[in-house]
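Student: sharing a sequence plus its predicted fold:
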Amino acid sequence: MFDRIARRIVRWARRKSPWILHFNSGGCNGCDIEILDLLTPRYDVERLGILKEASPRHADILLCTGPVTRQTRDRLRRIYEQMPCPRWVVAVGSCTCSGGVFHGGYNVLGGVDQLLPVDMYVPGCPCRPEAIIGGLVRLLEMIE
Amino acid sequence: MKLDLILEALREVFPSHTIETRRVPIDETIVTLPPECIRPAAQVLLKQFGVYHLSTITGQDTGGEIQLLYHFWHGQGLTLCTSLSRGDARIGTLTGLIPGAAFYEREVSEMLHVTFEGHPDPRKLLLPDDWDGEAPLRKGFSVCLPREGQRAELGEEGSQ
Amino acid sequence: MTRMTIPIGPQHPMLKEPLSFLLTVEGEQVVDSLLRLGYVHRGIERLCQERSYLQNLYLLERVCGICSHVHTTAYCQGVEALLGLEVPLRGLYLRTLLCELERVHSHLLWLGVLAENMGFTTIFMYAWRDREIALDIMEELSGARVTHAVNVIGGVRVDVDEKQLPSIVERLDELEQKIETFLGVIQHERTFRARAQNVGYLSAEQVCGYCVVGPVARASGVNVDARRDAPYAVYDRVHFDVITNNEGDVWARALVRALEAIESLRICHQLLVGLPDGPTMVRAPRRVPPGEVVSRAEAPRGELIYYIRSDGTDKPGRIKIRTPTLTTLITLPDQLRDVNTADVAVVLAGVDLCIACADR
């Protein structure tokens, strides 16, 4: 019984304080500044318990932007491996979902789902902060 | 920029070469010189006329040759244009005169396989470490990257 | 003392974009640094050759999300010069208005990033909150906060209504007051000055030798500004001061950018007051006659130069882009020499990195 209560508490804590790690795998910066905008007073994503973390080891959710250039491919994979389970990946932006406007480039993989299992896609070029919050809220409901 | 004086000075320095000029938008004069004249011309521009600002070095593959354009600015735009052979594209570096040329030459070197003789740091600038050696801006380069079709097997998935 | 190599990036809390530094430190002082670019290289110049002039408009807007409008400005004015198009004056005024609003939003963004790197999170929050005013105005004009897609070859695709003007002017005044507050912080706040002064120094000789452009050059006393030196759009019709400073350190760059943001708001006022009537664009043909053009613009970070060559088809033969961040990145090893490890974050923020621009 204690085990069941402990698991409920852990699930509640996980849902109420999802810490994010933001990694730009070669994007134009549009989505990155919209992600940083989430932390600022107008959108204030901390009310959902979200903090932007510095180290992959502290993070639950990887917010990935950019169409994954060849040089960032191995680094992105290593960052994902360093994140402790359970971990989730949110692909923010059209070029992270599918390569977007850079599709077909010689240095571009085209979408982070070529490399990592993605749990939520947030399209947009760049996506608005409201859309990113919407994606995160739906992900948190999924985690439930 | 005293454009006429500069052209006169260049004609004095290279009496055996016919120096062609053409005007292009927006307020730019392009001066065509042979490759071995570029460094002495840059020296004349710097020492005699105080033209130190090199905006960038453009490299392009026109099909028959590799063209390099050195875009200078001094009140007006002045571009020095030269052509190198596709088989053996080499030219002297400008980094001794203008340290700011270092990054531009590194980029042209990796994108078009041009050798800048005497460059202090000829590493790749933008292309990744595992690049297989082709020059992306040369004609005949194939654009598509082989795709990693499968998702990487990374152990336990994130969602429950 | 033994030397140690510390890698910074590509994933690092102070970096918004992937960039790799290898710092060699001896005790607390940085002795040498090695820069590795290329993490954001998407091969845009090659992609441009495969797409038409119209498709390239959407691609070139996304070279950088922060200064997207000035990239398309430089591109469009180059192609318009090749086509011999005369853009209507109202279109040029609106194009210039968005260039200046973008400059304001970029400088406020930078101020927030610098403050956060210093540990001054309050200014980060305030600066980014006040930046929203500029983004709201740009959204009203264009429909998007970032990456506005306002420029087309032949002018701009948006227009501003007479009824919108009073509220825009009111908000510009509000923004000017807020930036004056930040200027006060930069000038008088002792901790800010202690962290930003005498850090990341560049002399005027170094700036000229490395061909640095933008606020970093102006903060070292080198008076260059493409808006005044190579006027484009309607910069020859508005009056503005080019802000310079002789200190050459990060504090000087902060002062230059804050004062430049205020100048930009004054330019916006002049543009809104003098906005002429008429159409905002002309139609452009698909095929561009053969030719070459060199187009310059002043991005928030400095001189942006585009070289465009046309072969007479509907796809460009070559588009070469040199962004201003590339000129400042080359100075980083010099700036980081003999700097304390704790100040590395401040030096990196001081040059206003935009690796997406530099790598293309």
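Tutor: Perfect, I can see it now. Numbering: from 1, shown residues only, chains lettered A, B, ... in the order given.
Student: strands of chain B, start to end?
Tutor: Assigned by DSSP state E, the strands in chain B fall at B:20-24, B:28-32, B:53-61, B:66-73, B:77-84, B:90-92, B:115-117.
Student: between these, which gets nearest to residue C:215?
Tutor: Closest approach to residue C:215 among these (CB to CB): strand B:53-61, 16.2 Å. Where you see a C-beta, it was placed from the backbone N, CA and C, and this is true even at glycine.
Student: which outside residues touch that closest one?
Tutor: Residues from elsewhere that reach strand B:53-61 (CB atoms under 8 Å, 6 or more residues apart in numbering or on different chains): B:66-74, B:77, B:86, B:94, B:98, B:100-101, B:104-105, B:107-108, B:111-112, B:114, B:137-139, C:208, C:211, C:224, C:296, C:303, C:305, C:307, C:309, C:317-318, C:320, C:322.
Student: can you give me the strands for chain A?
Tutor: If DSSP E is used as the criterion, the strands of chain A fall at A:20-24, A:61-65, A:88-92, A:120-122.
Student: okay, those in TSV with mean pLDDT next?
Tutor: Converted to TSV, the strands of chain A look like this (pLDDT from 0 to 100):
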stretch	mean pLDDT
strand A:20-24	92
strand A:61-65	93
strand A:88-92	93
strand A:120-122	93
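Student: chain B is nearest to which of the ones you listed?
Tutor: Closest to chain B of the strands of chain A, according to CB to the nearest CB: strand A:88-92, at 4.4 Å.
Student: residue C:293 is in contact with residue B:26, correct?
Tutor: Yes - contact criterion CB atoms under 8 Å: residue B:26 and residue C:293 qualify, at 6.4 Å.
Student: between the two, who's got more neighbours?
Tutor: Each of residue B:26 and residue C:293 has its neighbours counted (other CB atoms under 10 Å in any protein chain shown); residue C:293 has more, 21 against 16.
Student: ok, the residue nearest to residue C:328 when sequence neighbours are not counted - how many residues close by?
Tutor: Nearest residue to residue C:328 in three dimensions, chain neighbours excluded: residue C:351, at 4.4 Å (CB to CB, 6 or more residues apart in numbering or on different chains). Residues lying near residue C:351 (other CB under 10 Å) number 24.
Student: next, the contact list for the closest residue to residue B:113 other than its chain neighbours, please.
Tutor: Excluding the flanking residues, the one nearest residue B:113 by CB to CB, 6+ apart is residue B:135, at 4.3 Å. Residue B:135 makes contacts with B:110-113, B:141, as judged by CB under 8 Å, 6+ apart.
Student: of these, which is the nearest to residue C:149?
Tutor: When the contacts of residue B:135 are compared against residue C:149 (criterion: CB to CB), the nearest one is residue B:111, at 28.3 Å.
Student: hang on, that closest one packs against residue B:131?
Tutor: No - Residue B:111 is beyond contact range of residue B:131, at 10.9 Å (criterion: CB under 8 Å).
Student: who's more crowded, those two?
Tutor: Using other CB under 10 Å, the more surrounded residue of residue B:111 and residue B:131 is residue B:111, with 24 against 16.
Student: residue contacts, residue C:135?
Tutor: Shown in contact with residue C:135 (CB under 8 Å, 6+ apart): C:105, C:145-146.
Student: tell me which of the contacts of residue B:135 fall in helices.
Tutor: Among the contacts of residue B:135, the ones falling in helices (DSSP state H) are B:110-112.
Student: which residue is nearest the middle of chain C?
Tutor: Centroid check for chain C by CA atoms, centre = their mean gives residue C:300 as the closest residue, at 2.5 Å.
Student: which SSE is the closest residue to that residue other than its chain neighbours in?
Tutor: Leaving aside its sequence neighbours, residue C:300 sits nearest to residue C:106 (CB to CB, 6+ apart; 3.6 Å). Assigned by DSSP states H and E, residue C:106 falls within helix C:89-118.
Student: go ahead and measure how far that helix is from the middle of the chain.
Tutor: Offset of helix C:89-118 from its chain centre (CA atoms, centre = their mean, to the nearest Å): 7 Å.
Student: and the next element down the chain from that helix?
Tutor: Once helix C:89-118 ends, the next helix or strand along the chain (criterion: DSSP H and E) is helix C:121-142.
Student: what lines up beside whichever helix or strand comes after that following helix in the sheet?
Tutor: Going down the chain from helix C:121-142, the next helix or strand is strand C:151-152, by DSSP H and E. The strands that strand C:151-152 pairs with in its sheet are strand C:155-156 (antiparallel) (by DSSP bridges).
Student: what does chain A put close to chain C?
Tutor: For chain A, the contact set with chain C under CB under 8 Å from any CB of the partner chain comprises A:23-34, A:36-37, A:40-42, A:54, A:56, A:66-67, A:69, A:71-72, A:75, A:79, A:95, A:100-102, A:104-108, A:125-126, A:128.
Student: for PyMOL, what selects the buried ones among those residues?
Tutor: The command below creates a PyMOL selection of those among the residues of chain A next to chain C that count as buried (16 or more other CB atoms under 10 Å in any protein chain shown):
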select buried, chain A and resi 23+24+25+26+27+28+29+30+31+32+33+34+36+37+40+56+66+67+69+71+72+75+79+95+100+101+102+104+105+106+107+108+125+126+128
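Student: report pLDDT for the closest residue to residue B:136 other than its chain neighbours.
Tutor: Leaving aside its chain neighbours, residue B:136 sits nearest to residue C:46 (5.2 Å; criterion: CB to CB, 6+ apart). As predicted, residue C:46 sits at a pLDDT of 90.
Student: surely residue C:46 forms part of a helix?
Tutor: Yes - looking at residue C:46 with DSSP: H, G, I helix; E, B strand; the rest coil, it is inside a helix.
Student: from residue B:128, how far out is it?
Tutor: Separation of residue C:46 from residue B:128 (CB to CB, to the nearest Å): 14 Å.
Student: next one: residue A:89
Tutor: Computed as CB to CB, the residue A:89 to residue B:128 distance reads 22 Å.
Student: and the two? Which one has more around it.
Tutor: Neighbour count, other CB under 10 Å: between residue A:89 and residue B:128, residue A:89 has more, with 26 against 17.
Student: residue contacts, that one?
Tutor: A:61-62, A:64, A:80, A:112, A:116-120, B:158.
Student: then residue C:95?
Tutor: By CB under 8 Å, 6+ apart, residue C:95 lies in contact with C:73, C:87, C:150-151, C:155-156, C:233.
Student: make JSON lines out of these and add neighbour count.
Tutor: As requested, those are exported to JSON lines (neighbours: other CB atoms under 10 Å in any protein chain shown):
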{"residue": "C:73", "neighbour count": "28"}
{"residue": "C:87", "neighbour count": "22"}
{"residue": "C:150", "neighbour count": "27"}
{"residue": "C:151", "neighbour count": "30"}
{"residue": "C:155", "neighbour count": "26"}
{"residue": "C:156", "neighbour count": "29"}
{"residue": "C:233", "neighbour count": "23"}
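Student: got CSV for the residues you listed, with pLDDT too?
Tutor: Shown next, in CSV, are the contacts of residue C:95 (pLDDT from 0 to 100):
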residue, pLDDT
C:73, 94
C:87, 92
C:150, 93
C:151, 92
C:155, 91
C:156, 93
C:233, 87
